[in-house]
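J.: Quick one, fold the following:
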Amino acid sequence: MHHTAPSPIASVQVIQALVAQELVERFGLPERRAAVLLGIVPSSVSQYLSGKRLGPTLSEYLGHEEAHRIARRTAQELMAGAAGPKILLEAALQLSESVGGHPAPPRAREKDTLKPDLQRKVPGWLRNRIAGEQAAVAECMRLAQRSRDELTRALFRQIASDSLRHAEIVASLAAYLDRGVATSQPTGITRADVEHLIRREHEAEATSEIDLGPELGGMMRILWDSMESDEHKHEHLLQLLLEVGLAEAPTTPRRRKRA
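T.: Okay, here's the model as predicted:
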């Protein structure tokens with residue numbers, strides 16, 4: 001079936017409706033709790049579920065596998081403590097792109113393919129990795145629910161959210177590897193975009209007068225270090241994007257890591 005890409009506003013409403021279905025019908029949450037996670041009133045959830053709101057529009061997506069995948073992942077992220085407005089906007093954008101028809105992974109060129117023995121083994125490895133990440137999500141959510149303080153819950157929710165992203169990344173890689181594609185180049189961005197982002201990150205970090213981490217203890221120290229680790233990871237990924245993803249050698253020097 002052909003799907004027409006919805007407007008940005010309609011995409012948000014559609015993803016709200018699909019996520020509401022996932023939260024209530026798949027995960028068994030009360031409608032009131034689903035409304036809190038979505039940031040809408042309970043009556044809107046009831047109308048989404050009954051078909052009184054977006055009925056004809058929503059019916060177009062009921063058989064759309066990618067739309068349900070996006071909604072299911074978004075529901076899991078909301079349950080893991082992700083910020084509702086931000087995650088819903090990202091999901092709405094993904095929904096709009098998926099129904100609008102974004103390009104399929106390219107066909108593999110001979111030099112970009114995996115070795116035959118790896119091509120046979122990789123699908124099983126990826127399935128096992130996805131299963132492992134999903135199991136980690138469930139365990140982290142169990143531990144978050146057992147915790148009696150917000151900081152410990154925040155830590156396990158963060159790990160659960162990371163594991164969800166890992167499973168999503170593996171699934172995206174699998175879409176390429178299933179076609180024999182082992183190399184992909186970035187599109188739609190320039191070196192100037194990446195270098196500007198690196199500068200902005202450096203400027204943001206330079207506003208801190210001290211490294212607060214050593215002054216903190218317990219869960220506060222752990223959460224602070226988690227943010228610092230993310231910053232180092234972001235810098236590493238952006239440098240790889242310059243050096244590996246984009247053809248030319250990088251012109252932005254590496255920042256020296258803190259001792």
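J.: how about low-confidence regions in this structure?
T.: Within the chain, the segments meeting pLDDT under 70 span 1-10, 54-58, 60, 62-63, 82-86, 97-114, 208-209, 247-259.
J.: which residue is nearest the middle of it?
T.: Closest residue to the average C-alpha location of the chain: residue 165 at 4.7 Å, with CA atoms, centre = their mean.
J.: In which helix or strand does that one reside?
T.: helix 150-177 (DSSP states H and E).
J.: Can you spell out which helices and strands pack onto that helix?
T.: For helix 150-177, the packing partners by 3 or more CB pairs under 8 Å, 6 or more residues apart in numbering; DSSP states H and E come out as helix 65-79, helix 116-146, helix 218-240. C-betas here are computed from N, CA, C, even on glycine.
J.: Show me what the helix or strand harbouring residue 14 is packed against.
T.: Under the criterion of DSSP H and E, residue 14 resides in helix 8-21. Counting contacts by 3+ CB pairs under 8 Å, 6+ apart, helix 8-21 packs against helix 31-38, helix 42-50, helix 55-59, helix 65-79, helix 84-100.
J.: so is residue 188 in a helix, a strand, or just coil?
T.: coil (DSSP: H, G, I helix; E, B strand; the rest coil).
J.: Next, find the distance separating it from residue 181.
T.: 18 Å (CB to CB, to the nearest Å).
J.: With neighbour numbers in mind, choose between the two.
T.: Taking neighbours as other CB atoms under 10 Å, residue 188 and residue 181 compare with residue 181 leading, 18 against 5.
J.: List phi and psi for the more buried one.
T.: phi -90, psi 120 (degrees, to the nearest 10).
J.: Distance of it relative to residue 49?
T.: Residue 181 is 40 Å from residue 49, by CB to CB.
J.: how close does residue 179 sit to residue 217?
T.: From residue 179 to residue 217 the distance is 50 Å (CB to CB).
J.: who's more crowded, these two?
T.: residue 179 (14 against 8).
J.: and that one, helix, strand or coil?
T.: Per three-state DSSP, residue 179 ends up coil.
J.: Most tightly packed of the helices and strands packed on helix 150-177?
T.: helix 65-79 (a mean of 21; mean count of other CB atoms under 10 Å).
J.: so that one versus helix 150-177, what angle?
T.: 160 degrees (axes from the mean of the first three to the mean of the last three CA atoms, to 10 degrees).
J.: tell me what helix 65-79 is packed against?
T.: helix 8-21, helix 31-38, helix 84-100, helix 150-177.
J.: re the thing from before, redo the helices and strands packed on helix 8-21 as a markdown table? Include distance to residue 244.
T.: What follows is the helices and strands packed on helix 8-21, written out as a markdown table (distance: least, CB to CB, whole Å):
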| stretch | distance to residue 244 |
| --- | --- |
| helix 31-38 | 38 |
| helix 42-50 | 43 |
| helix 55-59 | 42 |
| helix 65-79 | 27 |
| helix 84-100 | 25 |
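J.: hang on, residue 223 packs against residue 152?
T.: No. Judged on CB atoms under 8 Å, residue 223 makes no contact with residue 152 at a distance of 9.4 Å.
J.: thinking again about what came up before, and the helix or strand just after the helix holding residue 165, what's buried?
T.: Toward the C-terminus, helix 150-177 is succeeded by helix 191-206 as the next helix or strand (DSSP H and E). Residues of helix 191-206 classed as buried by neighbour count (16 or more other CB atoms under 10 Å): 191, 194, 198.
J.: quick revisit: would you format the helices and strands packed on helix 150-177 as TSV with distance to residue 19 included?
T.: Below are the helices and strands packed on helix 150-177 laid out as TSV (distance: least, CB to CB, whole Å):
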stretch	distance to residue 19
helix 65-79	5
helix 116-146	17
helix 218-240	25
